[in-house]
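Undergrad: How does the following fold in three dimensions:
(one chain, ligands or ions: 1)
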Amino acid sequence: MIRILALLLSLSLPARLAAADGGADEGPRIRVAIARGAPALKLKTSSRIYALDVKSGKKYLLLENASYDIKGSGDSVLVAGQQLSSPVKLLASEGQERIRLGKNLYKGDILLRAAPGDRLDIIEYLSLEDYLYGVLPVEMSPDWPLESLKAQAVASRTYALKYINPARDYDVTDGVEMQVYNGTSKVNARIIEAVTTTRGEVLKYKGKLVTTFFHACCGGHTASAKSAWGEDVIKPLYGVPDPFCSPSRHSRWSFYASSPDLLKFIQRLGSTALKIKSVRVYRKDRSGRAATFRFTTDKGVKDVPVTELRKYLGNYEFRSTYITGISSVKGGYQFGGRGWGHGVGMCQEGAKYMALKGRPYKKILHHYYPGASITDYD
Ligand SMILES: [Zn+2]
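TA: Got it, this is the predicted structure:
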């Protein structure tokens, strides 16, 4: 069923592309891929939206709370079977209303763009500051103390800015591989204050933006980027002792893995073992995190990277590589550890407790990114 109601207007509208829409004082703009390289997808609306064929200036009305099949087709975008030239811009239907797709509210301009291979990208264009309103409440709880949210705002702003690259089709994605972003539905007064009071502030080291990694909880010492990913490391990412996150409930964890499960894991990595005799941490990095486990088996030893085991058992359950003990228990092994996440950069739990102790956000940032300076972008 064709859900586009009517061809409403064919007069030329001011069809400037969103990228050029930003006011001069808005600062950098960012392009967020809400969908990328999708073969076909359902566009769900929760308000009335116009789809604007930018080239012809024709506008089509999409109904509220409706679902539309959209797909790329060569240089065109098919919306409910209707062929429009790529790109198609989505416009709020009236006044101050913004675009609502599914459960999410988007403040920026949204483009549907044909991508190679009859695929489709949905890109939101918005100011970096508006983007932070969407990132902040997802990456850190909006109820946390203001100074920790301000520290997160500076870290998230810096991280996003590192990825702005006009040579690519978009700058960032909206998933966990970057910073999670679901539009700006969750913004509250505290988030607005955290973003606006740090407006434009970023972290630099020797004149360059720092890749401001952050994670849930370090467990007592942050990790160096080098030991986490083998990246060349600069001083702000060496890793620091962190006494602040110890009250956090995430500072310690334990995980039980059965012997058959562990056996399956090392067999996948080429071991011919039929029985595991022991498991221990074989090698640690300089921040004290485990780098390699040694499995002693009936067929000799098998050394495996801890990150591989973590991926296999689940990063959510096997919370970190900061291992404090492994004990043999009935039918398997009990792993004990500290912290949650990769451990590089700012420890969010630590930032929260620093803020609760009255530390201002600049102190928090200097603690987790030592040697970096807080400065305005460019
Ligand atoms: Zn910590």
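
Undergrad: Spell out which parts of the stretch 251-378 of the chain neighbour the ion.
TA: Within the stretch 251-378 of the chain, the residues that sit near the ion (Cβ under 5 Å from the ion) are 347, 350. The way it works is simple: take the backbone N, C-alpha and C, and place the C-beta from them, glycine included.

Undergrad: can you list the residues of the stretch 101-250 of the chain near the ion?
TA: So the stretch 101-250 of the chain meets the ion at 218, 242, 245 (Cβ under 5 Å from the ion).

Undergrad: out of these, who has the most neighbours?
TA: Neighbour counts for those (other Cβ atoms under 10 Å) peak at C218, which has 35 neighbours.

Undergrad: confidence score at that residue?
TA: The model reports C218 with a pLDDT of 95.

Undergrad: List the contacts of it.
TA: Neighbour list for C218: 242, 245, 322, 338-339, 341, 343, 347, 349-350 [criterion: Cβ atoms under 8 Å, 6 or more residues apart in numbering].

Undergrad: cool, and G345?
TA: G345 is in contact with 155, 212-215, 222, 225, 237, 368-369, counting by Cβ under 8 Å, 6+ apart.

Undergrad: so which one among the residues you listed has the lowest pLDDT?
TA: A225 (76).

Undergrad: what residues are up against it?
TA: So A225 contacts 211, 213, 231, 233, 237, 344-345 (Cβ under 8 Å, 6+ apart).

Undergrad: Please apply the same query to F335.
TA: 254-257, 318, 323, 325-326.

Undergrad: E139 now?
TA: Applying Cβ under 8 Å, 6+ apart, we find E139 in contact with 152, 156, 179-180, 214, 348.

Undergrad: repeat for G332
TA: Taking Cβ under 8 Å, 6+ apart, we find G332 in contact with 256-259, 261-262.

Undergrad: Can you give me the distance of it to F265?
TA: 12 Å (Cβ to Cβ, to the nearest Å).

Undergrad: Just the element for the residue of the stretch 51-200 of the chain found nearest the ion, please.
TA: Using Cβ to the ion, the closest approach of the stretch 51-200 of the chain to the ion is made by S148 at 12.2 Å. Per DSSP states H and E, S148 falls inside helix 146-162.

Undergrad: what sits up against the helix or strand that that helix is followed by?
TA: Downstream of helix 146-162, the first helix or strand assigned by DSSP H and E is strand 172-173. Strand 172-173 is contacted by residues 30-33, 36, 160, 163, 178-179, 181 when judged by Cβ under 8 Å, 6+ apart.

Undergrad: And stretch 155-164, by the same measure?
TA: For stretch 155-164, the external contacting residues (Cβ under 8 Å, 6+ apart) are 28, 30, 128-129, 131-132, 135-136, 139, 171-172, 178-179, 198, 200-203, 209-214, 345-346, 365, 377.

Undergrad: same deal with stretch 274-291?
TA: Applying Cβ under 8 Å, 6+ apart, the contact partners of stretch 274-291 are 221-224, 226-228, 239, 259, 262-263, 266, 292-299, 303, 305-306, 320-323, 326, 328, 333, 343.

Undergrad: Tell me, how many residues neighbour the residue of the stretch 51-200 of the chain closest to the ion?
TA: With other Cβ under 10 Å as criterion, S148 counts 25.

Undergrad: Contacts only, for it.
TA: S148 touches 140, 348, 351-352, 354-355, 361, 364, counting by Cβ under 8 Å, 6+ apart.

Undergrad: between the residues you listed, which has the most around it?
TA: Highest neighbour count within these, by other Cβ under 10 Å: A351, with 30 neighbours.
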